[in-house]
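In: Return atomic coordinates for the entry below.
(one chain, ligands or ions: 1)
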Amino acid sequence: MQSVTLPTSLDEAVAALGAMPAAVPVAGGTDLMAAVNKGLLRPSGLVGLGRISELRGWHYQDGHALLGAGLTHARMGRPDFAALIPALAASARAAGPPQIRNAGTLGGNIVTSAPTGDSLPVLAALEAELVIAGPEGGRREIPVSHLLAGRELLEPAELIGFVRVPLLHAPQVFLKATGRTGPGRATASVAIVLDPARRGVRCAVGAIAPMPLRPLEAEQWIASLIDWDGDRGLAPDALAAFGEYVAAACIPDHAPPADGSEAPPLSPAVLHLRRTVAALARRALGRALS
Ligand SMILES: Cc1cc2nc3c(=O)[nH]c(=O)nc-3n(C[C@H](O)[C@H](O)[C@H](O)COP(=O)(O)OP(=O)(O)OC[C@H]3O[C@@H](n4cnc5c(N)ncnc54)[C@H](O)[C@@H]3O)c2cc1C
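Out: Got it, this is the predicted structure:
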């Protein structure tokens, strides 16, 4: 490693990256140092983001929260944050063991874009936007889904500064299934966000595909069944049907072959995953509406 720079502002960090094109930014280092230790990455320099205090908190703007990319999972899991964005707090509490949550950040989770990134389905359901900082004080905004889908990328010397999230003042739930008990990577996860002002239910399913999936038809169908001006309750069979709808949309049957014969059945492992997604979606919506 040639050099380590520790800027104290976002623009200084962008300038440091511009001056050292082969350097990489590092926040908590939980993903980056794992890649270095495995020999997958040999950066010639590091620009540490840990001293940039503006990235470690949040502020409010036009009914939204602008979350600093340097917010740790531990900070997002605390009660004051949970009162603002409950599903993001729940995903932060589920993101690995305590030492990882103390160091790992929101920005690192997004840039790594692992299918198992716990914040990602929540950000997809919230339709969050990224505020990207570039050279000479430049700022641009893109939907988080564009970065996750690879439709737009970070340019050299650009950093995620903030994540713009709407404050919906309504229940939100994040549920995660893991392959074992205790902290672990998700085998499937579901985020449900209610948006009463727009009479909407937004749902995203994580970990089962390279990026979170949005079952848009299932969202619209269930939103049309909810009595938004009444008690917002739903019968158990409607919740179960929603779970099945979400799961079948995200894990569809095989298409029938061109010769008109029957489609092959899904494998037992895929059927198990589909049942897991159905159960998570049913429970998450039930909790959001209870
Ligand atoms: C044992 C273990 C368990 C884990 N369990 C989970 C889990 O259950 N759920 C989960 O979601 N994750 C888990 N993780 C993954 C990891 O902790 C998270 O993805 C974390 O949020 C990464 O954040 P970081 O600050 O450590 O990122 P870093 O490692 O510092 O950086 C990751 C990448 O993001 C880039 N980057 C960081 N910040 C910025 C920025 N502001 N702008 C542009 N680029 C940036 C870096 O250059 C690097 O490419 C686990 C990791 C470990 C080692």
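In: so the closest residue to the ligand within the chain is in which element?
Out: Closest residue of the chain to the ligand, Cβ to the nearest ligand atom: Gly108 (2.1 Å). Bear in mind the C-beta positions are built from the backbone N, C-alpha and C, glycine included. Per DSSP states H and E: Gly108 is located in helix 106-112.
In: So which elements touch that helix?
Out: helix 73-76, helix 119-126, helix 144-148, strand 159-166 (3 or more Cβ pairs under 8 Å, 6 or more residues apart in numbering; DSSP states H and E).
In: So which bits of stretch 66-84 are buried?
Out: By 16 or more other Cβ atoms under 10 Å, the buried positions in stretch 66-84 come out as 66-77, 81-82, 84.
In: Also stretch 20-34?
Out: Within stretch 20-34, the residues scored as buried using 16+ other Cβ under 10 Å are 20, 23, 25-32.
In: Intersect those residues with the contacts of the ligand.
Out: Near the ligand, taking Cβ under 6 Å from any ligand atom as the test, the members of those found are 25-32.
In: The ligand contacts on this structure?
Out: Within reach of the ligand by Cβ under 6 Å from any ligand atom, the chain has these residues: 24-32, 34, 49, 69, 95-96, 100, 103-105, 107-109, 111-112, 116-118, 154, 159-160, 185.
In: Now intersect those residues with the strands, please.
Out: 24-26, 159-160 (DSSP state E).
In: Quick check: which helices or strands does the host helix or strand of Tyr60 pack against?
Out: Per DSSP H and E: Tyr60 is located in strand 58-61. In terms of contacts (3+ Cβ pairs under 8 Å, 6+ apart), strand 58-61 is packed against strand 64-68.
In: follow-up on the earlier one: which one of the ones next to the ligand among the buried residues of stretch 20-34 is nearest His272?
Out: Asp31 (28.3 Å; Cβ to Cβ).
In: show me what contacts the closest one?
Out: Asp31 makes contact with 104, 108, 112, 114 under the criterion Cβ atoms under 8 Å, 6 or more residues apart in numbering.
In: Torsion angles phi and psi at the nearest residue to Thr105 once chain neighbours are set aside?
Out: Leaving aside its sequence neighbours, Thr105 sits nearest to Ala27 (Cβ to Cβ, 6 or more residues apart in numbering; 4.3 Å). Dihedral angles of Ala27 (phi, psi; degrees, to the nearest 10) stand at phi -100, psi -100.
In: For the protein, which segments count as helices?
Out: Under the criterion DSSP state H, the chain contains helices at 10-19, 32-37, 73-76, 79-84, 86-93, 98-103, 106-112, 119-126, 144-148, 216-225, 236-250, 268-289.
In: thinking again about what came up before, any chance of the helices and strands packed on helix 106-112 in CSV with mean pLDDT as columns?
Out: Formatted as CSV, these follow (pLDDT from 0 to 100):
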stretch, mean pLDDT
helix 73-76, 98
helix 119-126, 98
helix 144-148, 97
strand 159-166, 98
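In: Excluding chain neighbours, give the residue nearest to Pro143 in space.
Out: That would be Glu129: by Cβ to Cβ, 6+ apart, it lies 5.6 Å from Pro143.
In: Isn't that neighbour up against Pro166?
Out: No. With contact defined as Cβ atoms under 8 Å, Glu129 does not count as touching Pro166 (9.4 Å).
In: neighbour count winner among these two?
Out: Glu129 (20 against 17; other Cβ atoms under 10 Å).
In: Who is that one paired with across the strands?
Out: Per DSSP bridges, the residues bridged to Glu129 are Pro143, Arg164.
In: Next, the contact list for it, please.
Out: Taking Cβ under 8 Å, 6+ apart, we find Glu129 in contact with 141-144, 163-164.
In: Who are the contact partners of the spatially most central residue of the chain?
Out: Computing the C-alpha centroid of the chain and ranking residues by Cα atoms, centre = their mean puts Leu120 first, at 1.2 Å. Applying Cβ under 8 Å, 6+ apart, we find Leu120 in contact with 109-110, 113, 144, 148, 204, 206, 211-212.
In: ok, so what distance separates the closest residue to Ala69 other than its chain neighbours from Leu130?
Out: Using Cβ to Cβ, 6+ apart and skipping the chain neighbours, the partner closest in space to Ala69 is Gly107 (2.8 Å). As judged by Cβ to Cβ, to the nearest Å, Gly107 and Leu130 stand 9 Å apart.
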